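Visitor: what's the 3D shape of this:
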Amino acid sequence: MNRDICVPSASAYTDLLSVCPRTSVDGVLATPSTLTERIGRFWIPNEPVLYIGMAGTSIRTRVGQYYSTKLGARAPHAGGWWLKTLESLDQLYVHFASCDEVSTREQSMLAAFATSIDPGHRRHLFDNERVAPFANIDVGNGLHKRHGLSNYKVPRNQRQSLVTQNPLMVRLPNQ
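Guide: Predicted coordinates for the structure are as follows:
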């Protein structure tokens, strides 16, 4: 995987728009190109950490929930959905550590990540104030990246099955 550039999946944004056709960027209906450009502006070159999150359950369960949730779905776990827009999703690894006070630890890790980003890379981010790993939309303390996207999840009242029956296999480090 080339960490210098964000390589989007050729079909990910098309899939998202087929499920959520009202998705917009800055209030204008999105196209695969506008989504590619906008989400790509959050890529941090040479950064190996693409997402920080807590499980609140077993890692196997949380990762299974993640991979079985299609783009646009709200459940079982929609966090980190930008990872699913990458061509190299099947080349990524999940690294984890057990801890107490998972919410506090997650906030600490997000804060440490933000302060560690090279100022040159930070300047090129679309939102260079609310910095978090590429796939973290929530930057901590209830704040979200200012990404300008809306309607990228199915409406809460819409009943639609967006769960993959055979999720992608995930490589976890030795458990």
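Visitor: can you count the residues close to residue 20?
Guide: 21 (other C-beta atoms under 10 Å). The C-beta positions use only the backbone N, C-alpha and C, and glycine is treated the same way.
Visitor: Not including adjacent chain positions, what is the nearest residue to it?
Guide: Spatial nearest neighbour of residue 20, excluding adjacent residues (C-beta to C-beta, 6 or more residues apart in numbering): residue 72 at 4.4 Å.
Visitor: I'd guessed the one you found sits against residue 152; true?
Guide: Yes: with contact defined as C-beta atoms under 8 Å, residue 72 reaches residue 152; the gap is 6.7 Å.
Visitor: Overlap in contacts, the two.
Guide: Listed as contacting both residue 72 and residue 152 by C-beta atoms under 8 Å, 6 or more residues apart in numbering are 16, 20.
Visitor: ok, back up a step: ok, the residue nearest to residue 20 - contacts?
Guide: So residue 72 contacts 15-16, 19-20, 152-154, 162 (C-beta under 8 Å, 6+ apart).
Visitor: how about the nearest residue to residue 125 once chain neighbours are set aside, what does it touch?
Guide: Among residues not flanking residue 125 along the chain, residue 42 sits closest, at 6.1 Å (C-beta to C-beta, 6+ apart). Residues near residue 42 by C-beta under 8 Å, 6+ apart: 82, 125-127, 134, 145, 147.
Visitor: Just give me the closest of those to residue 112.
Guide: Residue 112 lies nearest to residue 134 out of these, by C-beta to C-beta, at 16.0 Å.
Visitor: Need phi/psi at the closest one.
Guide: Residue 134 adopts backbone torsions of phi -40, psi -50, taken as degrees, to the nearest 10.
Visitor: now residue 102
Guide: Given degrees, to the nearest 10, the pair of backbone angles that residue 102 has is phi -60, psi -40.
Visitor: Show the pLDDT at the nearest residue to it once chain neighbours are set aside.
Guide: The shortest distance from residue 102 to any non-neighbouring residue, by C-beta to C-beta, 6+ apart, is to residue 54 (4.2 Å). Looking at residue 54, its pLDDT is 85.
Visitor: so residue 54, which of the three states?
Guide: Under DSSP: H, G, I helix; E, B strand; the rest coil, residue 54 falls in the coil class.
Visitor: Am I right that it is in contact with residue 104?
Guide: No: with contact defined as C-beta under 8 Å, residue 54 does not reach residue 104; the gap is 9.7 Å.
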